[in-house]
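A.B. asks: After the sequence you'll find the predicted model.
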Amino acid sequence: MKSKKKESSRGVTTGKKEGGSTKAKFNFTPYTGPVEKFPSFISVVKDGLAISYGFLQEHPELVKIQFVNLALDSDSEAIGLTFVERKGPHTFTLSKEGKRRMVRCVNFFNSTGLSVKEWKGQYIPVVSDTDGGRMYVIELKRRR
């Protein structure tokens with residue numbers, strides 16, 4: 001039986017024999033090493049704060065939460081985020097953007113005197129338990 005080269009719909013040539021299959025020319029070994037996990041961070045971006053998919057994976061209890069309260073410690077140059085289930089008068093809404101969440105809070109930055117351009121970047125949050133609940137704190141660093 002002659003080997004016949006057949007072009008697949010994707011333009012890839014396969015080596016199939018008429019009426020049968022060819023002997024496998026590959027010897028695969030399954031990958032058993034570590035799998036990359038998504039990084040966990042909160043970013044200061046042009047429109048406010050972006051909460052990474054990795055952060056949501058690390059804190060699955062927050063995935064269904066729709067609101068967040070923000071607080072500023074101007075002495076430490078830190079922002080605190082407290083995720084809440086009910087909207088209040090000074091609560092920001094979390095919106096979905098793909099797998100991440102956004103807090104559109106430009107007015108928070110403007111009213112507190114923080115410049116988004118100056119603080120733009122990724123921050124690894126620190127967990128702080130307060131009377132108002134669990135707070136995720138990002139310590140801001142000036143851009144150079």
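C.D. replies: Yes, it's here.

A.B. asks: What lies in contact with the helix or strand hosting residue 118?
C.D. replies: Per DSSP states H and E, residue 118 falls inside helix 116-119. For helix 116-119, contacts defined as C-beta atoms under 8 Å, 6 or more residues apart in numbering pick out 44, 45, 46, 48, 106, 109, 140, 141, 142, 143. All C-beta spots, glycine's among them, are computed from the backbone N, C-alpha and C.

A.B. asks: Stretch 106-115 now?
C.D. replies: For stretch 106-115, the external contacting residues (C-beta under 8 Å, 6+ apart) are 47, 48, 70, 72, 74, 92, 116, 119, 140.

A.B. asks: Could you pull up the residues touching the most centrally placed residue in the chain?
C.D. replies: Central residue of the chain (C-alpha atoms, centre = their mean): residue 52, 2.2 Å from the mean position. Contact analysis of residue 52 by C-beta under 8 Å, 6+ apart lists 38, 39, 40, 41, 42, 43, 100, 122.
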